[in-house]
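Student: predicted model and sequence follow; I will ask about them next.
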Amino acid sequence: MVISLAQETLTDKSMGAAAASSAANDDRYSQQILFSGIGAEGQQRLAQARVAIVGCGATGTALAGLLARAGVGTLRIIDRDYVEASNLQRQSLFDENDAAESKPKAIAAAQKIAAFNSSIVVEPRVEDLIPENVDEALAGMQLLLDGTDNFETRYLINDYAVKHDVPWIYAAAVGSYCATMNVIPGQTACLACIFPDSPRGMMETCETAGILNSAVNLVASVAATEALKFLVGAASSLRRSLVSFDVWSNQHAEISADKPRADCRVCGEREFVHLAGEGRPHITLCGRNSVQIHERQRSIDFAELNERLTPHGTVRHNEFVLKFWREPFEMTVFPDGRAIIKGTTDTSVARSLYARYVGN
Ligand SMILES: [Zn+2]
């Protein structure tokens, strides 16, 4: 689903209004234009920029908020999930109403951004980034930002970025720890140069370690600044290392990522196994006691499903999601047939619930 929240164009306005709007934008960005690294020309470049943010949870909302306020002209926000109360501690673009309505995160983010910067375009996409849609979902973007919570999706982004020569910025946070790295294909190391396999520590702790919102905002601030450097053309200022911080223990580390590794599977040998669909994204959602079902692409008629499910439990739907409660499970169905089933991490239980209530 793509909903463009583009605001009225210049042709819709009187010349007077256009001049006023331009003056308002000069004023809006005046403190950023004063900064010598950006200036008026850099601000112009930001207005033309096209950036994708993959994943709109804690890191993704912080990145989107910073870049939207900075005036990045087009932000494509891709996220598969919906807002819950437990997100509000750290996911800075959402509020209690979004959680009460189970609003898809990409939609809620686009609406929130439109309220504070109506002069940029936000393209929300409510979907999981997978090999089947990655080409279309990331097409036309000049920079990709990592707001994901899993290495499968990061390896998919890395494959796409190296194959199509599009820079991307890795960012991750768990507990009080966070890490980020710029990947400029052909120039710096790629994700697989540094992590040929998923780092186990990051994978295991997301279930148990919780997360500090300050670690998220730190890594998003560092990554958003690197994004601004890239977008305004300040290539020589880009960091060429993997940097990490632990905001609780005050540790800080940096390892060089200056050069691609010659024997790297991805950027050296150009084997794109994740684009080919090997190493499929996992269907359990980390830390959520939930399973995602998305094997079957089907278009769902919410009104029809609502009627069919009413005898079996509590059902509610809006234009974006349908929710169905039947103790101890909660099922959230999206218009494309994807579903998130809460109350189990057992994929076979989730699959049989889906088959019983949504269909085979
Ligand atoms: Zn590499």
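Tutor: Cool, the structure landed. Numbering: from 1, shown residues only.
Student: any stretches of this protein with poor pLDDT?
Tutor: The chain contains residues with pLDDT under 70 at 1-26, 200-207, 278-284, 286-287, 295-296.
Student: CA-only coordinates of stretch 49-62 in CSV, if you can.
Tutor: Output of stretch 49-62 as CSV, limited to C-alpha atoms (Å, rounded to 0.1, in the frame of the first residue of the first chain):
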residue,chain,number,x,y,z
ALA,A,49,16.7,14.2,-1.6
ARG,A,50,14.9,10.8,-1.6
VAL,A,51,15.6,8.6,1.4
ALA,A,52,14.0,5.2,2.4
ILE,A,53,13.7,4.3,6.1
VAL,A,54,13.2,0.5,6.5
GLY,A,55,11.5,-0.2,9.8
CYS,A,56,9.7,2.5,11.8
GLY,A,57,10.1,1.4,15.4
ALA,A,58,12.4,3.1,17.9
THR,A,59,15.3,3.9,15.6
GLY,A,60,13.1,4.4,12.5
THR,A,61,10.9,7.0,14.2
ALA,A,62,13.9,8.9,15.5
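Student: make 56 the first number, not 1, from now on.
Tutor: Happy to do that; since the first residue is 56 now, the last one works out to stretch 104-117.
Student: check the offset of it from the chain's centre.
Tutor: 4 Å (C-alpha atoms, centre = their mean, to the nearest Å).
Student: now swap in stretch 298-318 and tell me
Tutor: For stretch 298-318, the distance to the chain centre is 22 Å (C-alpha atoms, centre = their mean).
Student: let me see the contact set for the residue lying closest to R343 once chain neighbours are set aside.
Tutor: Leaving aside its sequence neighbours, R343 sits nearest to K397 (C-beta to C-beta, 6 or more residues apart in numbering; 7.0 Å). For the C-beta atoms, the positions are set from N, CA and C on the backbone; glycine is no exception. Contacts for K397 (C-beta atoms under 8 Å, 6 or more residues apart in numbering) come out as 343-345, 384-387.
Student: contact residues of the stretch 106-255 of the chain facing the ion?
Tutor: 245, 247-248 (C-beta under 5 Å from the ion).
Student: reformat the residues you listed into a markdown table and put neighbour count next to each item.
Tutor: Shown next, in a markdown table, are these (neighbours: other C-beta atoms under 10 Å):
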| residue | neighbour count |
| --- | --- |
| C245 | 27 |
| A247 | 25 |
| C248 | 24 |
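Student: near the ion, from the contacts of K397?
Tutor: Checked against the ion using C-beta under 5 Å from the ion, the contacts of K397 yield no neighbours at all.
Student: buried among the residues you listed? Make that a ChimeraX selection.
Tutor: Paste this into ChimeraX to select the buried members of the contacts of K397, with burial taken from 16 or more other C-beta atoms under 10 Å:
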select :343,345,384,385,386,387
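Student: now, the contacts of K397 that are in strands?
Tutor: Secondary structure from DSSP state E places 345, 384-387 of the contacts of K397 in strands.
Student: contacting residues around the most centrally placed residue in the chain?
Tutor: The chain has G110 as the residue nearest its centroid, 2.0 Å off, counting by C-alpha atoms, centre = their mean. The contact partners of G110, taken as C-beta under 8 Å, 6+ apart, are 133-134, 201-204, 208.
Student: do the same with A278
Tutor: 114, 118, 200-201, 224, 226, 235.
Student: over to I348?
Tutor: 338, 393-396, 405-406, 409.
Student: ok so, going back, so of the contacts of G110, which ones are in helices?
Tutor: Residues of the contacts of G110 located in helices (DSSP state H): T208.
Student: nearest to the ion among the contacts of G110?
Tutor: The ion lies nearest to D201 out of the contacts of G110, by C-beta to the ion, at 15.5 Å.
Student: just to check, the closest one is in contact with Y225?
Tutor: Yes. The criterion here is C-beta atoms under 8 Å, and D201 meets it with Y225 at 5.0 Å.
Student: overlap in contacts, these two.
Tutor: Shared contacts of D201 and Y225, counting by C-beta under 8 Å, 6+ apart, come down to R209.
Student: if we can go back for a sec, closest one of the ones in strands among the contacts of K397 to K160?
Tutor: Comparing the ones in strands among the contacts of K397 against K160 with C-beta to C-beta places T387 closest, at 12.1 Å.
Student: which of the contacts of A278 fall within helices?
Tutor: Here DSSP H is the test, and the contacts of A278 give 114, 118 as lying in helices.
Student: mind putting the contacts of A278 in CSV, neighbour count and distance to E374 included?
Tutor: Converted to CSV, the contacts of A278 look like this (neighbours: other C-beta atoms under 10 Å; distance: C-beta to C-beta, whole Å):
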residue, neighbour count, distance to E374
T114, 30, 27
L118, 29, 26
L200, 29, 27
D201, 26, 29
I224, 25, 33
A226, 26, 31
T235, 25, 36
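Student: what sits against I355?
Tutor: For I355, the contact set (C-beta under 8 Å, 6+ apart) comprises 377, 388-392, 413.
Student: using the three-state scheme, assign it.
Tutor: Three-state assignment for I355 (DSSP: H, G, I helix; E, B strand; the rest coil): coil.
Student: ok now stretch 131-143, how far from the chain's centre?
Tutor: The chain centre lies 9 Å from the centre of stretch 131-143; the measure is C-alpha atoms, centre = their mean.
Student: do the same with stretch 211-230
Tutor: Distance of stretch 211-230 from its chain centroid, counting by C-alpha atoms, centre = their mean, is 11 Å.
Student: for that stretch, buried residues please.
Tutor: Residues of stretch 211-230 classed as buried: 211-218, 221-230 (neighbour count, 16+ other C-beta under 10 Å).
Student: for the residue lying closest to G128 once chain neighbours are set aside, phi and psi?
Tutor: Nearest residue to G128 in three dimensions, chain neighbours excluded: A102, at 4.5 Å (C-beta to C-beta, 6+ apart). Main-chain torsions, A102, degrees, to the nearest 10: phi -60, psi -30.
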